[in-house]
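S.K.: Build me a structure from this.
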Amino acid sequence: MELLVVFLAGFGFIPKEAVLFLTGFLIFYLLCAPLKESFLLFLASIPLFVALPLNASFDHMANWRLLAVALFFSFLLEKGVWRISFWREKLKRGFGSLGARLKKPTLFEILLLLFLLILAFSLLSAQSLGLGLKKIAFLVNLFLIYPIVKSLLAQNADYLKRILKASLVALGTIILFALLQLVLVFFLPLHTFWQFWASGFIDVFYGSALSELLQKSNTWFAYFQNQPPTLRLFSVFPDSHSFALFLVLSLPALIGAGFLLKKKSLKAGISVLAFLSFLGIALSGSRGAWLSSLAALGAILAALWLKGRPVNEAVKVNLKVLALFAAAFLASWLYPSLLYMAQDYQETGRAEFKRSMAFFERAKSISDASEISNRGRLEIWDSSLKTIAQKPLSGVGAGNFVAVLGEDPANAKKGASAHNLYLDFGSEAGVLAMVVLAFIFVEILKMSWHLFDKKKGFLAVFFLALTVYTAWVLGYSLFDVVLLNDKVFLLFTVWLAVINHFYARLTIPPYEN
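M.R.: Sure, this is the predicted structure:
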């Protein structure tokens, strides 16, 4: 139903206000269905979360924010917090397992709480308090699903496998929209596609303000000196970087599910999805995604070196899958030539294949400091470092990065950022925020690596995959802040909850919930 409504609204066959009725139905389902079923729907629906057209001037709030609250409320109801007997029992037993759990949080959870407190402290120096509160509320809203995932994993022994299946549904939806874009640009002029997608699907997914902005300017195309532009795939996202990062974060689910499947036909299907995911990363044209794949390769090489010979099964599986990226990247170099041929046919009625090295030029431009995008990023990094040096304790205030660029807070909606997650939080909330964020990421890698080292079979394969692709994400964060895209971060939060649940069970006995 979600897919149908989004497609019809995106193509303009029904008014986008139809998503209001869809959202109401979803809230009803999340509140009434068993939590273990409703969360799976929420997870599978991540690509289809849309903006709520509440009125002409406020139509950009994503419906997942209400759905996450409904899901959390359902979680509290299932725990029985509304009953007096629940609290009487907790008081009688000294809050029992809840008290024990609060005394033994993982280091990640302690650091996360500290990070949020630092962001709150930074609001004292914020130029716009509203922007800061919005950013903190956004992060809290995202993390509402964190305790839900941990609770469901504790109550259901095989729930991780169901999470993997639901995340594959989400991945399939992402790839479906990317393939739709690919088909459209082979039959439509690029400008026609641009205006259609910005006025249709972007309006449904993100609201009229972003729709109007992207109709005038966006990063959807790669431009070259002596050749026509090419589309950089971005699927349901507002930019290609978020698309690439979501695909990276989906790969652990693919690898885990592929290892569990026994039928050759199903394994072949997983292999095709993995290849399409890597191809999507290549066709996103995101040079940051391409370059940060070296972090994933480094994680695999570390596993090879530390595990020695013979190489265990988990390393073999992950190494084979990562090798697909090289194959997909080489295959992607055909894309510009085929696109130019299709565009020529639209204009002249004749199609002639001409070999193009456009993707090679784009990859080569990574090291070109004079290239306009690279130069702009270097200038923003320089401004961010100067701000950190000037305001090392509190920064300019959470959510107030526009102050680093000397812009009006009203321009925050245009998406100003440091193009580096660490510098972004460092300039907004000070050096301590940047340091704590780095420790959080190190702790995530340490936990997932520890689980790979201690577990066997499926879990070893899955947690090594989480280590490898988390390293890719953290490397990518050196070049952009798209981890903070809501769809990307929701999936990331699910993996954080999975890692922390299994790590706590392994290292904090007795682990109670």
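
S.K.: alpha carbons only for contacts and neighbour counts from here, please
M.R.: Will do.

S.K.: the strands in this structure, which residues?
M.R.: Remark: strands assigned in the chain by DSSP state E are 221-222, 230-231.

S.K.: mind checking the longest helix of the chain?
M.R.: Secondary structure of the chain per DSSP state H: the longest helix is helix 159-185.

S.K.: And that helix, what does it pack against?
M.R.: Counting contacts by 3 or more C-alpha pairs under 8 Å, 6 or more residues apart in numbering; DSSP states H and E, helix 159-185 packs against helix 35-44, helix 145-155, helix 240-260, helix 264-283.

S.K.: and with 7 Å instead?
M.R.: Judged by 3 or more C-alpha pairs under 7 Å, 6 or more residues apart in numbering; DSSP states H and E, helix 159-185 is in contact with helix 35-44, helix 145-155, helix 240-260.

S.K.: Would you mind finding the most buried of these?
M.R.: When the helices and strands packed on helix 159-185 are scored by mean count of other C-alpha atoms under 10 Å, the highest mean neighbour count falls to helix 240-260 (a mean of 24).

S.K.: And that one, what does it pack against?
M.R.: Using 3+ C-alpha pairs under 7 Å, 6+ apart, the elements in contact with helix 240-260 are helix 159-185, helix 264-283, helix 457-476, helix 486-507.

S.K.: Just put these in TSV and tack on mean pLDDT and mean neighbour count.
M.R.: Converted to TSV, the helices and strands packed on helix 240-260 look like this (pLDDT from 0 to 100; neighbours: other C-alpha atoms under 10 Å):
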stretch	mean pLDDT	mean neighbour count
helix 159-185	96	19
helix 264-283	92	20
helix 457-476	94	25
helix 486-507	94	20
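
S.K.: Mind putting those helices into a markdown table with distance to residue 244?
M.R.: Output for the helices and strands packed on helix 240-260, formatted as a markdown table (distance: least, C-alpha to C-alpha, whole Å):
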| stretch | distance to residue 244 |
| --- | --- |
| helix 159-185 | 10 |
| helix 264-283 | 5 |
| helix 457-476 | 10 |
| helix 486-507 | 10 |
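
S.K.: mind checking which of those helices is nearest residue 150?
M.R.: Across those, residue 150 has its closest neighbour in helix 486-507 (5.6 Å, C-alpha to C-alpha).

S.K.: what's that closest one in contact with?
M.R.: Residues from elsewhere that reach helix 486-507, judged by C-alpha atoms under 7 Å, 6 or more residues apart in numbering: 46-47, 106, 142-143, 146, 149-150, 242, 245-246, 249, 447-448, 451, 483, 511.

S.K.: hmm, back to that, roughly how far out does the longest helix of the chain sit from the chain middle?
M.R.: Taking the mean of its C-alpha atoms, helix 159-185 sits 13 Å from the chain's own mean (C-alpha atoms, centre = their mean, to the nearest Å).

S.K.: and if you look at stretch 424-443?
M.R.: What separates the centre of stretch 424-443 from the centre of its chain is 19 Å, taken as C-alpha atoms, centre = their mean.

S.K.: repeat for stretch 125-133
M.R.: 25 Å.

S.K.: what comes up buried for it?
M.R.: 125, 126, 127, 128, 129, 131, 132, 133 (16 or more other C-alpha atoms under 10 Å).

S.K.: before we move on, what about stretch 185-200?
M.R.: Those would be 185, 186, 190, 193, 194, 196, 197, 198, 199, 200, for stretch 185-200 by 16+ other C-alpha under 10 Å.

S.K.: and what of stretch 383-400?
M.R.: For stretch 383-400, by 16+ other C-alpha under 10 Å, it's 383-385, 387-388, 391-400.

S.K.: now what about it, what contacts it?
M.R.: By C-alpha under 7 Å, 6+ apart, the residues outside stretch 383-400 that reach it are 119, 122-123, 125-128, 131-132, 135, 403-404, 418, 423, 426-431.

S.K.: do the same with stretch 223-230
M.R.: 221, 222, 336.

S.K.: now the end-to-end length of it.
M.R.: 7 Å (C-alpha to C-alpha, to the nearest Å).

S.K.: tell me the mean pLDDT over it?
M.R.: Mean per-residue pLDDT for stretch 223-230: 81.

S.K.: for stretch 31-40, same thing?
M.R.: The pLDDT scores in stretch 31-40 average 95.

S.K.: which residues are contacting it?
M.R.: Against stretch 31-40 from outside (C-alpha under 7 Å, 6+ apart): 30, 70, 71, 74, 75, 152, 163, 166.

S.K.: cool, stretch 6-13 as well?
M.R.: By C-alpha under 7 Å, 6+ apart, stretch 6-13 touches 14, 15, 16, 200, 201, 204.

S.K.: Please spell out which residues along that stretch are buried.
M.R.: Buried residues in stretch 6-13, counted by 16+ other C-alpha under 10 Å: 6, 7, 8, 9, 10, 11.

S.K.: separation between the third one and residue 350?
M.R.: Computed as C-alpha to C-alpha, the residue 8 to residue 350 distance reads 33 Å.

S.K.: about what we covered before: want to throw the strands of the chain into CSV with distance to residue 372 and mean neighbour count?
M.R.: Shown next, in CSV, are the strands of the chain (distance: least, C-alpha to C-alpha, whole Å; neighbours: other C-alpha atoms under 10 Å):
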stretch, distance to residue 372, mean neighbour count
strand 221-222, 12, 17
strand 230-231, 17, 22
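
S.K.: Kindly reformat those as TSV and extend each row with distance to residue 442.
M.R.: Output for those, formatted as TSV (distance: least, C-alpha to C-alpha, whole Å):
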stretch	distance to residue 442
strand 221-222	34
strand 230-231	35
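
S.K.: how about those, which one is nearest residue 269?
M.R.: Across the strands of the chain, closest to residue 269 is strand 230-231 (C-alpha to C-alpha), at 26.5 Å.

S.K.: distance between the closest one and the chain's centre?
M.R.: 22 Å.

S.K.: What of stretch 173-186?
M.R.: For stretch 173-186 - counting by C-alpha atoms, centre = their mean - the centre lies 19 Å from the chain centre.

S.K.: Repeat that for stretch 319-328.
M.R.: Stretch 319-328 has its C-alpha centroid displaced from the chain centroid by 21 Å (C-alpha atoms, centre = their mean).

S.K.: Kindly report the same for stretch 116-136.
M.R.: 23 Å.

S.K.: what about it, start to end distance?
M.R.: Note: stretch 116-136 ends 7 Å apart using C-alpha to C-alpha.

S.K.: Name the residues that touch it?
M.R.: Stretch 116-136 is contacted by residues 394, 395, 396, 397, 398, 399, 400, 409, 429, 433 when judged by C-alpha under 7 Å, 6+ apart.

S.K.: Over to stretch 164-177?
M.R.: Identification of contacts with stretch 164-177 by C-alpha under 7 Å, 6+ apart yields 40, 43, 44, 45, 46, 47, 235, 236, 250, 253, 254, 257.
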